[in-house]
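S.K.: After the sequence you'll find the predicted model.
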Amino acid sequence: MLLTISAFLSLAMVGFFHTILGTALPAMRLSFEMDMAQAGLLGSAVWLGFTAAVFAGGTLSDFFPRHRILMLACLMIGLSAIFFGMWHPFGLNCLFIGVLGAGTGVIVSSSSALVMGLYPKKEGVIMNVHHFFYAIGAITGPLLMGYVLERGWHWQWIYRIGGTWMLIVSGSFALQRIRFTREKSSLGHRSLFHLLKEKNLILLILITIFGVGAQNGLYLWLVSFLKEAQSFPIFQASIGLSLFSIGVAAGRLVSGGLAAKIKNTRVLLILLGSLNMVLILFMCVSHHHLILLLCLSAGLACSGLFPVTLTLGGINYPQRAGTTIGIIGTAAGIGGTIVSWLISIVSQKIALEAGFFITLSAAAFIALVLVGIYYKRLKESETKQSMA
């Protein structure tokens with residue numbers, strides 16, 4: 001139980017750090033004197049770090065004690081968060097935020113592999129509960145950052161407080177003495193190459209790149225969109241991001257329950273269909289209260305995308321769950337990097353509102369088409385593995 005709680009707390013802080021960047025992005029643009037493209041590059045640095053490390057975290061989780069890997073990841077985040085923004089050079093801060101992103105990637109893959117190993121036969125439920133804590137952190141982060149910015153205080157304070165807390169969480173993992181027993185994988189040393197040739201895994205990778213990429217693009221650019229395109233005050237814009245995270249949190253609990261009854265593949269189809277509908281409504285609504293309601297709805301639609309794809313990967317390839325989770329997590333990082341960068345590029349050339357809608361709608365639609373075309377294949381594979 002202590003190990004489970006520590007894993008939940010570490011993932012909650014991943015949600016915290018992923019969302020405070022988007023909330024503080026308008027203020028960071030002033031602090032670092034960035035244009036729109038540089039702001040997108042800073043956001044992409046997080047996902048580049050995430051992408052570079054999430055696979056390593058998942059793979060290492062198959063060979064080393066997972067709580068030790070989590071300890072090191074929390075240490076990485078703590079130190080980089082404390083130093084981020086301490087000096088002005090843009091390149092140096094990209095490095096710090098990239099290291100922070102790398103730490104979040106390691107936590108996502110290794111903590112997911114840890115809790116799936118602790119609760120066999122309950123993967124769908126425990127993964128949604130686990131990622132519910134990500135959403136809790138994602139709710140708290142924008143509200144705290146928005147409050148600090150509204151007061152006229154420095155955005156760096158939240159990073160330093162969060163970094164100090166991560167050092168404490170790292171210490172909690174260091175104090176735990178737990179021996180893990182692992183079964184030897186029957187896939188052998190060439191398991192990675194075998195996995196990357198699997199058609200179902202390739203399909204899950206593509207769905208993650210576009211579906212979860214759209215979610216990560218919303219996390220980074222939603223506050224900037226609400227503030228600059230919809231003329232929201234900064235604190236009200238941060239409330240919009242928190243409502244998005246509340247939707248994610250509530251939706252993950254619902255998705256976990258649905259996954260146990262109607263299978264993960266059907267849940268994935270429902271979520272992507274809902275996300276496409278919400279993005280269409282976003283383009284048609286201008287009233288602030290309705291926009292905030294759509295922020296909540298978008299969170300509900302995105303809620304189970306990542307945990308469901310992770311669960312499907314773990315169910316399909318249980319002997320290398322850590323490596324599979326790492327691969328899918330890498331796909332999420334790639335999607336976040338590409339979608340976040342494309343939003344900034346299109347916005348720089350046209351307008352933020354157009355870049356926001358065009359990029360997110362295209363990514364969400366491609367993910368929906370992929371699930372729709374290969375729905376039968378994914379569902380049959382999930383049913384077969386669950387009965388094995």
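M.R.: Nice, I can see it.
S.K.: So which bits of the helix or strand harbouring Leu243 are buried?
M.R.: Using DSSP states H and E, Leu243 sits in helix 234-262. Buried residues in helix 234-262, defined by neighbour count with 16 or more other Cβ atoms under 10 Å: 234-253, 255-256, 258-259. In this view, the C-beta of every residue, glycine as well, is placed from N, C-alpha and C.
S.K.: After it, which helix or strand is next?
M.R.: helix 264-282.
S.K.: Please tell me how far that next one is from the chain's geometric centre.
M.R.: Taking Cα atoms, centre = their mean, to the nearest Å, the mean C-alpha location of helix 264-282 is offset from the chain mean by 17 Å.
S.K.: between the helix or strand just after it and helix 264-282, how many degrees?
M.R.: As assigned by DSSP H and E, the chain's next helix or strand after helix 264-282 is helix 288-302. On the basis of axes from the mean of the first three to the mean of the last three Cα atoms, to 10 degrees, helix 288-302 is oriented at 160 degrees to helix 264-282.
S.K.: Who are the contact partners of Val346?
M.R.: Val346 sits next to 354-355, 358-359 when contact means Cβ atoms under 8 Å, 6 or more residues apart in numbering.
S.K.: nearest to Ile77, of these?
M.R.: Ranked by distance to Ile77 (Cβ to Cβ), the contacts of Val346 are led by Thr359 at 27.7 Å.
S.K.: Need the contact partners of stretch 107-114.
M.R.: Stretch 107-114 is contacted by residues 3, 7, 10-11, 13-14, 50, 54-55, 57-58, 60-62, 66-67, 69-70, 73-74, 77, 127, 130, 310, 321-322, 325-326, 329, 332 when judged by Cβ under 8 Å, 6+ apart.
S.K.: average model confidence for it?
M.R.: If you average the pLDDT over stretch 107-114, you get 84.
S.K.: Stretch 315-326 now?
M.R.: Confidence over stretch 315-326 (mean pLDDT, whole number) is 75.
S.K.: Could I get the CA-only coordinates of it as CSV?
M.R.: Extracted in CSV, the C-alpha atoms of stretch 315-326 (Å, rounded to 0.1, in the frame of the first residue of the first chain):
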residue,chain,number,x,y,z
ILE,A,315,-2.8,-6.9,-22.1
ASN,A,316,-1.5,-7.8,-25.5
TYR,A,317,2.1,-8.3,-24.4
PRO,A,318,2.1,-9.2,-20.7
GLN,A,319,5.6,-10.8,-20.7
ARG,A,320,7.2,-7.4,-21.6
ALA,A,321,4.7,-5.0,-20.1
GLY,A,322,7.3,-2.5,-19.0
THR,A,323,8.9,-2.3,-22.5
THR,A,324,5.5,-2.1,-24.2
ILE,A,325,4.4,0.7,-21.8
GLY,A,326,7.6,2.5,-22.6
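S.K.: Just the contacts of Val346: which are in strands?
M.R.: The members of these all map outside strands under DSSP state E.
S.K.: Quick check: PyMOL command selecting the buried ones in these.
M.R.: Remark: buried members of those, expressed as a PyMOL selection using 16+ other Cβ under 10 Å:
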select buried, resi 355+358+359
